[in-house]
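Visitor: This is the structure alone, sequence omitted:
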């Protein structure tokens with residue numbers, strides 16, 4: 001969805017409220033109210049789609065994390081074997097791969113942790129939209145009943161549309177239903193400023209030196225463990 005979920009839900013509900021007010025002021029209130037219900041159905045489908053994508057993202061990250069952990073353990077065994085065989089070159093290669101694996105694991109863990117609250121948030125939006133849909137259906141049914149009673153009673157001065165007080169009550173309920181949900185919507189933090197070209201090159205060189213140092217330290221540690229065995 002190109003529009004934020006919170007903004008999307010807020011826009012749908014705001015539009016629904018406007019539709020209700022418009023329905024009471026025109027000659028085809030049933031049609032307007034039915035259109036409002038259909039729009040809520042569309043919003044529910046879109047949020048469900050977003051929830052499905054979020055669940056798939058979490059599932060994929062979980063599977064990938066399992067695979068990376070397995071690969072890390074496998075590389076540890078290979079490093080120990082290389083040290084025992086006196087093949088420092090193979091040990092360094094395995095350690096380099098292991099460092100790459102370790103760099104990915106925190107990202108995958110963060111993705112999984114991030115998906116949980118997001119899924120709950122989307123489920124909350126769906127529940128709120130469904131609640132509003134039930135209210136809209138009740139409003140439409142009450143409207144039809146009131147019109148049918150007015151038509152049969154032939155009461156002097158009776159109106160076939162709900163009173164202005166009824167409209168205000170509908171609007172107030174629509175707003176209060178979503179206040180709690182919309183308050184949960186939050187923005188993403190801003191990104192850090194991009195370093196200049198020279199600084200970026202220096203940082204890249206420093207990262208490379210640090211990586212080589214970690215490889216040598218880990219290789220030395222593996223040799224130390226091998227000597228103790």
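Guide: All right, it came through fine. None of these values were measured; they are calculated from a predicted model.
Visitor: Quick check: phi and psi at residue 87.
Guide: phi -100, psi 80 (degrees, to the nearest 10).
Visitor: Quick one: mean pLDDT over stretch 82-95.
Guide: Averaged over stretch 82-95, pLDDT sits at 91.
Visitor: List of residues touching it?
Guide: Applying CB atoms under 8 Å, 6 or more residues apart in numbering, the contact partners of stretch 82-95 are 75, 78, 79, 214, 215, 216, 218, 219, 222, 223, 225, 226. All C-beta atoms are positioned from the backbone trio N, CA, C, and that covers glycine.
Visitor: List the buried residues in it.
Guide: By neighbour count on 16 or more other CB atoms under 10 Å, the buried set for stretch 82-95 is 82, 83, 91, 92, 93, 94, 95.
Visitor: if we can go back for a sec, state the pair within the contacts of stretch 82-95 that is farthest apart.
Guide: 214 and 226 (18.6 Å; CB to CB).
Visitor: Identify the farthest-apart pair in the buried residues of stretch 82-95.
Guide: 83 and 93 (12.5 Å).
Visitor: which secondary element of the protein has the worst mean pLDDT?
Guide: For the chain, using mean pLDDT, DSSP states H and E, the weakest element among its helices and strands is helix 164-183, scoring a mean of 46.
Visitor: Give me the next element, helix or strand, following that one.
Guide: helix 197-228 (DSSP states H and E).
Visitor: Which strands or helices does that next one pack on?
Guide: helix 29-84, helix 88-153 (3 or more CB pairs under 8 Å, 6 or more residues apart in numbering; DSSP states H and E).
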